[in-house]
Each structure stands twice: as structure tokens, then as C-alpha cells.
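>>> one predicted model, sequence on top.
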Amino acid sequence: MVATDKLFAGSIPEMYDRLLVPLIFEPYAADLARRVAATGARDVLETAAGTGVVTRALASKLPADARITATDLNQPMLNRAMTRQSDDKRITWKQADALLLPFDDRAFDAVACQFGAMFFPDRARGYKEARRVLKPGGRLVFNVWDKISENDFADTTTDALASFFPQDPPRFLARTPHGYWQDDTIRADLDSAGFANVTIDAVDARSKAPSPRDPAVAYCQGTPLRNEIEARDASRLEDATSHAAAAIARRFGNGAVDGRIRALVIAAVR
């Protein structure tokens with residue numbers, strides 16, 4: 001991972017929320033919220049909350065006496081999240097690093113994290129922090145993307161940009177969002193943090209968009225992939241996006257598009 005992989009700022013939060021959330025995140029947010037609610041948790045910490053898709057799903061699933069503390073490393077993402085969430089006194093928003101959580105030991109019943117662990121520079125440390133703030137018997141519930149070949153639009157976009165920048169292909173999607181899927185690695189990291197009863201489920205869903213351009217813009221302009229493209233040639237961002245859109249159209253058609261997505265959903269007990 002490089003430094004810009006964690007930078008969600010500028011126009012990225014708005015485009016991420018408007019395009020990428022409905023494209024790939026919503027079905028997994030509903031799944032994660034359902035799993036957390038099933039544990040009976042009342043005090044829930046969410047790390048890497050982003051623009052709040054899981055926060056909103058948790059708010060719809062958890063009871064009136066629950067408390068949700070939603071955190072993210074990037075304040076601009078939380079700012080966007082707060083504009084999307086109706087006033088709910090159960091929710092507290094706080095900028096925080098998942099590797100150095102500003103909370104007391106044994107403060108939460110559950111920790112939830114949607115597609116954030118891939119961005120942790122030290123995953124074992126992040127898991128240790130989650131375990132520290134969990135009550136005995138508390139659950140860590142999180143998800144990560146499966147390998148990029150199981151996620152059609154991300155894979156096609158990465159291949160397209162490799163041909164657009166053949167001397168220095170942008171590899172953000174394969175390197176970071178889709179770079180942490182190996183079962184043995186995930187289990188070893190959780191084991192080193194002291195977690196027990198680890199389960200890993202592969203969950204398939206569909207990624208749908210009105211046109212090939214929508215996923216191309218979502219990935220090329222609504223994620224840190226944009227930072228990589230602009231580092232190569234900022235004047236070619238639109239051309240690179242159009243090149244990715246054309247590749248998606250060749251594979252999935254010029255109208256509404258529908259591709260595979262697959263994530264791994266992990267649960268572990270303190």
C-alpha cells in the first residue's frame with residue numbers, strides 16, 4: 001500500500017457516495033448490519049465508516065436503546081456521512097484511527113468494519129485495538145473484497161488502465177481493495193491479535209449500473225485510484241475514465257451493465 005491509497009478527500013467522498021455506494025457497497029452493508037444485529041449488541045463501534053452506508057443500515061436494524069459510534073480516519077468522508085443521516089441520537093460521529101482507537105478497554109459489544117481492513121497499514125494491530133475495546137465475548141464483524149478476478153468491473157477497469165498507462169499501470173484496486181483475501185493470512189492476523197472462533201463466509205452479489213460509464217467514473221474518479229491516474233498525468237483523467245468505460249462496454253454491453261462482486265465476511269470472538 002502507498003500513502004495515497006488512504007486519501008479520501010477533495011471530490012472523492014461525494015463521487016464515492018453517489019456512485020460507488022449503490023454500485024458495490026449497499027448489499028454488503030445490509031448483510032453486515034444484519035449480522036451485527038443478530039449478536040444482540042447494544043453498544044456498537046464502527047471503524048472505517050466512510051460515507052455511512054453501514055451506519056445507516058445499523059440504524060435501521062438496531063433497537064431504540066442501542067448506541068452506534070461511527071468513526072473514520074478521513075474527516076471528509078464523515079462529513080459526507082453526516083449529511084446523509086437523519087438526526088439520530090443513537091449515533092455519535094468521531095474521526096479516529098482504527099489502529100489507535102480513542103476509547104476505553106471493554107467499551108463495546110461489537111465492532112463492525114466494512115471494507116476497511118485492507119487499508120490498515122498494520123492489520124494485526126488494528127485487530128488488537130478492536131479486541132481491546134470489545135467486552136469479553138464481544139464480536140468483531142467485518143468484510144473484505146475477494147480477489148479482483150472475482151469482481152468484474154474492478155478487474156476490467158484495472159486491465160483497461162494497464163493498457164492506457166502501459167509504462168506504469170495504476171494498480172490501486174488490485175493492490176489494496178482487492179489485495180487482502182487469502183484465508184490463511186486473515187486467520188493468522190486475527191489469531192495473532194487474540195481472537196477466537198473465526199468464521200469466513202464468501203458472499204456473492206451483483207453490481208449493476210445504468211451504463212458502462214457509471215462504474216468507470218466510480219472507480220477512476222471516486223476512489224484513490226484517481227490519485228494514481230492524476231499522478232501519471234492529471235490532464236488525462238477524463239480520457240482514462242472513458243477508456244475504462246469503453247472496456248466495460250465491450251465486455252458487458254452499452255446499456256445497463258451487470259457484473260459479479262464477491263466479498264469475504266469475517267466474524268471473530270474476543
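Structure received.

>>> could you pull out the strands in the stretch 151-270 of the chain for me?
196-209, 257-269 (DSSP state E, counting those that start in this stretch).

>>> nearest to residue 16, out of those?
Between residue 16 and the strands of the stretch 151-270 of the chain, the tightest spacing by CB to CB is seen for strand 196-209, at 14.5 Å. C-beta here means a position set from N, CA and C on the backbone, and glycine is covered the same way.

>>> quick one: average pLDDT of that closest one?
The average pLDDT within strand 196-209 is 98.

>>> give me the contact list for it.
With contact meaning CB atoms under 8 Å, 6 or more residues apart in numbering, strand 196-209 is reached by 23-24, 27-28, 31, 143, 146, 151-153, 183, 186-187, 190-191, 215, 218, 256-270.

>>> the residue nearest to residue 263 when sequence neighbours are not counted: what's it in contact with?
Once flanking residues are discounted, residue 263 sits nearest to residue 143: 4.9 Å by CB to CB, 6 or more residues apart in numbering. The contact partners of residue 143, by CB under 8 Å, 6+ apart, come to 28, 31, 32, 113, 114, 115, 203, 263, 264, 265, 266.

>>> highest neighbour count among these?
residue 32 (28 neighbours; other CB atoms under 10 Å).

>>> hang on, the residue nearest to residue 263 in a strand?
Yes. The assignment for residue 143 is a strand, going by DSSP: H, G, I helix; E, B strand; the rest coil.

>>> gap between it and residue 170?
As judged by CB to CB, to the nearest Å, residue 143 and residue 170 stand 24 Å apart.

>>> again with residue 87
Counting by CB to CB, the gap from residue 87 to residue 170 is 40 Å.

>>> who has more neighbours, those two?
More neighbours surround residue 170 than the other of residue 87 and residue 170, with 24 against 6 (other CB under 10 Å).
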